[in-house]
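>>> this is a predicted model, with the sequence first.
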Amino acid sequence: MALEDKQEKAVRHAFGNVLSFFVLLLIGVFAFSIRLFSVIKYESVIHEFDPYFNYRVTQYLTKNGVYDFWNWFDDRTWYPLGRVIGGTIYPGLTLTAGTIWWILNFFNIPLSVETVCVFTAPIFSAFSSWAAYLLTKEVKGVGAGLTAAAVLAMVPSYISRSVAGSYDNEAVAIFALIFTFYLYVKTLNTGSLFYATLNALAYFYMVCSWGGYTFIINLIPMHVFLCIITGRYSSRLYIAYAPLVVLGTLLAALVPVVGFNAVMTSEHFASFLVFIILHVVAFAYYLKGILTPKMFKVAVTLVVSVGMIVCVAVLAILIAVVASSPTKGWSGRSLSLLDPTYASKYIPIIASVSEHQPPTWPSYFMDINVLAFLVPAGIIACFFPLSDASSFAVLYIVTSVYFSGVMVRLMLVLAPAACIMSGIALSEAFDVFARSIKLQFPIAKQTDDASAEDSSQVSTNNGVKPASEKTEDTLKERPSRKSKKKEKEKEKSKSTSVTKQIKKKLLILPFEASLVAIVLLVLLGSFYVVHSVWAAAEAYSAPSIVLTSRSHDGLHVFDDFREAYSWLSHNTDVDDKVASWWDYGYQTTAMANRTVIVDNNTWNNTHIATVGTAMSSPEKAAWDIFNSLDVKYVLVVFGGLVGYPSDDINKFLWMVRIGGGVFPHIREPDYLRDGQYRIDSQATPTMLNCLMYKLSYYRFVETDGKGFDRVRHTEIGKKYFKLTHFEEVFTTHHWMVRIYKLKPAKNRIRGKTKKFKSKTSTGRSNQKRSTRATRKNPYP
């Protein structure tokens, strides 16, 4: 019977592994497929703004090789400063896509670099689902892992940053984040140095991929410190953390964009402090094992005192290093996370980015949907029982909820944690409800009664033995100590299994209630699937460079951006400089192949403030600024005709704020009427005469005769005016992108102005002026 039970368990285990493998394979295919709506509905095109820079860098990498990539100085950005690409980007995404392209070419699969870049994010979304399975499996088992993987495959928050064409750092960074956490938890559960080494390598890949690696190097020390103060220290905890700090920091310093920041910035100091505390605790536990209790007390006081001295010395050094920095060693984005009002007060360039704004409550329902209601149940389930792995999962969800509430971009970090907790909640709920139905089903009852009768018969046979058996037993020798230990272990295992069965029976719910609960959970899951598919197909599939709108006439496509960049590429010289707001710098460089003044890297606030000041100044002053920067063309985005809200007029106040932060003569109140931002007849003269207003609304009254702005829902204040220092050279079909050329400087006239030769000539000129004055001036 024992052999048959073992064989049955082995077959069941093998079948479960095969089934799990095929389920994970289907989850990966689904995660890849749900992100292809953008390609099916539109075309294979790069989305947004930042991905165009990554695409351009990947093109350079595949064409020139890794060595030239590390040493590439790009003179087409941030003119006249330029940019060292290899030392200012996180190369993980670029190297990953370049490696995929090289592998495909090695096997004679002729795919373009653009195609590889478009499909990199959907491929890694499947990897992220599998990594979520591995992490959740270490926390709560296979069932929870499969559920979490399925939920993560279609969570809208992750889909928004991983659709086909979204070639940004988060495409590979979320996989690296989850996989690093999995290897850390795996090392916690096994104490294997092999997994600890892999954990350091995964952390290195995360550092290469995204600046959000600081979340890892702060979350893991928080968990280690939590385990220490709650008395859960073990050798497994030491193995999981110590190699990560040593190897991970050394590897992180090899990334050029990080360098010595891995040991010199405040974001990393917590890991070093916990590293010292961990060694003090480890040494105390070591002394406890080799010393007597009396000697141990003396040694502990010595170790603690020395450890405190070391910690105070390290803190003093850190404070001295931090005090020399005006931001106390923190980056601007980190300070905006710790203090949500910091960016709006001191760094308007960070506050101007829409991704850095705090989210609204509807955005939570849009991005994680019903998972918001399942997360609390998952947190409660992690406490029964509480382990090192489950405590890490709880800490992960708590910290990610806080950071997502500060910055809407970090909803992406919340999504995996919410999926893990929801997977645990759904798995535990289905386990309870399914077991309740199984134990109360008629067939299950009959099998339970039969097993109970068999067990009673076995107990009676074991209780009364025949005489022949007794005589044989007396002839046998006494059992050895090893057999006694084995029997005790068997009895303990049986008792534990009995207690587990009793606890499971205590969780049995009524049959009807369990059935209704399962139906409700299935309906909840189906609602989540429908919402996720809708979000992937409608909300997040449209590329920002190709816009669409529906009306009673049908579907309208606005391809103005590519129309404008194509005009720049074919009608301007290669060396011409184009000025625009920094949002469009990456696209201008990648698609038009023209030199830009500022772009989306935003590393030089003064340079961006200079462009903002030019846009906020009168026409002549703006011409002087642009001419000093050798600018030939100015590009503005205008949505007043078609109702496109993300145009430069709506962004204009940020140009004023950023420019005024560097150049004090630009003041925001000068552009506001009674504290309100207006472009109608009540707008201030400073607003009506600034360059941005003129370049946006030049000839706009010719469209409908009124100059009605469909974004601001009002008629513009100044309708008729001429440009004296700029000339319009191109406006797209829907007026969304307008390009102007700087007029050349007028020749200077030497000497004094010539006087009129005679009175007759002056009389004639006065007559001409009077006749001109009687005509109606269309440009008052």
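Ah, there it is.

>>> drop to CA atoms for contacts and neighbour counts, all remaining ones
Will do.

>>> residues touching residue 688, list them.
679, 694, 717-718 (CA atoms under 8 Å, 6 or more residues apart in numbering).

>>> quick check: end-to-end length of stretch 335-348?
13 Å (CA to CA, to the nearest Å).

>>> low-confidence bits of the stretch 201-350 of the chain, can you list those?
318, 321-333, 343-344 (pLDDT under 70).

>>> could I get the contacts of residue 688 as JSON lines with pLDDT and neighbour count?
Shown next, in JSON lines, are these (pLDDT from 0 to 100; neighbours: other CA atoms under 10 Å):
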{"residue": "679", "pLDDT": "92", "neighbour count": "22"}
{"residue": "694", "pLDDT": "95", "neighbour count": "23"}
{"residue": "717", "pLDDT": "90", "neighbour count": "19"}
{"residue": "718", "pLDDT": "90", "neighbour count": "21"}
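
>>> from the residues you listed, which land in helices?
Members of the contacts of residue 688 lying in helices (criterion: DSSP state H): residue 694.

>>> tell me which of the contacts of residue 688 is nearest to residue 743?
residue 694 (15.2 Å; CA to CA).

>>> what separation do you get for that closest one and residue 583?
In terms of CA to CA, residue 694 sits 20 Å off from residue 583.

>>> for residue 226, same thing?
Taken as CA to CA, the span from residue 226 to residue 583 is 42 Å.

>>> then residue 606?
16 Å.

>>> more neighbours, the two?
Higher neighbour count among residue 606 and residue 583: residue 583, with 18 against 15, using other CA atoms under 10 Å.

>>> how about low-confidence regions in the chain?
1-2, 318, 321-333, 343-344, 441-507, 747-780.

>>> same list, the contacts of residue 688, but as TSV with distance to residue 587 please.
What follows is these, written out as TSV (distance: CA to CA, whole Å):
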residue	distance to residue 587
679	28
694	24
717	32
718	31
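
>>> from the chain's centroid, how far away is the strand or helix carrying residue 396?
For residue 396, the element it lies in under DSSP states H and E is helix 388-406. What separates the centre of helix 388-406 from the centre of its chain is 15 Å, taken as CA atoms, centre = their mean, to the nearest Å.

>>> how about that helix: buried residues?
388-397, 400-401, 403-406 (16 or more other CA atoms under 10 Å).

>>> now stretch 595-609
So stretch 595-609, judged by 16+ other CA under 10 Å, has buried residues 595-599, 601, 605, 607-609.

>>> just the CA trace of stretch 172-180, in CSV.
Provided in CSV are the C-alpha atoms of stretch 172-180 (Å, rounded to 0.1, in the frame of the first residue of the first chain):
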residue,chain,number,x,y,z
VAL,A,172,12.7,45.1,-19.6
ALA,A,173,13.1,46.7,-16.2
ILE,A,174,9.8,45.2,-14.8
PHE,A,175,11.0,41.7,-15.6
ALA,A,176,14.4,42.5,-14.0
LEU,A,177,12.7,43.8,-10.9
ILE,A,178,10.4,40.8,-10.4
PHE,A,179,13.2,38.3,-11.2
THR,A,180,15.6,40.0,-8.7
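
>>> quick one: secondary structure of residue 573?
coil (DSSP: H, G, I helix; E, B strand; the rest coil).

>>> how far away is the closest residue to residue 296 other than its chain neighbours from residue 396?
Spatially, and ignoring its direct neighbours in sequence, residue 296 is nearest to residue 288 (5.8 Å; CA to CA, 6 or more residues apart in numbering). Remark: distance between residue 288 and residue 396 (CA to CA) = 32 Å.

>>> do the same with residue 72
On the measure of CA to CA, residue 72 and residue 396 end up 38 Å apart.

>>> again, but for residue 184
Residue 184 is 13 Å from residue 396, by CA to CA.

>>> next: residue 415.
For residue 415 relative to residue 396 (CA to CA), the value is 11 Å.

>>> now do residue 426
19 Å.

>>> where's stretch 652-672 relative to the chain centroid, distance-wise?
That offset, for stretch 652-672, works out to 31 Å (CA atoms, centre = their mean).

>>> same thing with stretch 605-612?
How far stretch 605-612 lies from its chain's middle: 27 Å, per CA atoms, centre = their mean.

>>> and what of stretch 58-65?
26 Å.

>>> same question for stretch 22-38.
The answer for stretch 22-38 is 20 Å, by CA atoms, centre = their mean.

>>> quick one: secondary structure of the residue nearest to residue 296?
Going by three-state DSSP: residue 288 is helix.

>>> phi first, then psi, for residue 712.
When read as degrees, to the nearest 10, the backbone of residue 712 gives phi -90, psi -10.

>>> that one - how many residues pack around it?
Count around residue 712 with other CA under 10 Å applied: 17.

>>> all helices for the stretch 451-600 of the chain, in order.
Ranges of helices within the stretch 451-600 of the chain are 467-475, 481-506, 511-534, 560-571, 585-587, based on DSSP state H, counting those that start in this stretch.

>>> try the stretch 151-300 of the chain
So, for the stretch 151-300 of the chain - with DSSP H, counting those that start in this stretch - the helices run 156-159, 170-190, 193-209, 213-229, 235-252, 261-264, 269-290, 293-323.

>>> relative to the whole chain's centre, how far out is stretch 553-560?
30 Å.

>>> buried stuff in that stretch?
Buried residues in stretch 553-560 (16+ other CA under 10 Å): 558-560.

>>> closest to the centroid, which residue in the protein?
Geometric centre of the chain, nearest residue: residue 412, 4.4 Å, by CA atoms, centre = their mean.

>>> wait, that residue touches residue 159, no?
No: using CA atoms under 8 Å, residue 412 makes no contact with residue 159, being 9.3 Å away.

>>> quick one: the residue nearest to the centre of the chain from residue 534, how far?
On the measure of CA to CA, residue 412 and residue 534 end up 18 Å apart.

>>> residue 93 too?
28 Å.

>>> now residue 697
37 Å.

>>> off-centre distance for the strand or helix carrying residue 362?
Using DSSP H and E, residue 362 sits within helix 361-367. When C-alpha coordinates are averaged (CA atoms, centre = their mean), helix 361-367 and its chain have centres 16 Å apart.

>>> residues of it that come out buried?
364, 366-367.

>>> what does stretch 253-265 give?
253, 255-259, 261-263, 265.

>>> for these, which one is nearest residue 282?
residue 263 (23.3 Å).

>>> picking up where we left off before, farthest pair in the buried residues of helix 388-406?
Maximum distance among those (CA to CA): 27.7 Å, for 388 and 406.

>>> pretty sure residue 683 sits in a strand.
No: if the criterion is three-state DSSP, then residue 683 is coil and not within a strand.

>>> could I get the phi/psi values of the closest residue to it other than its chain neighbours?
Once flanking residues are discounted, residue 683 sits nearest to residue 673: 6.2 Å by CA to CA, 6+ apart. Backbone geometry at residue 673, expressed as degrees, to the nearest 10, gives phi -110, psi 110.

>>> partner residues bridging residue 673?
Beta-bridge partners for residue 673, by DSSP bridges, are residue 676.
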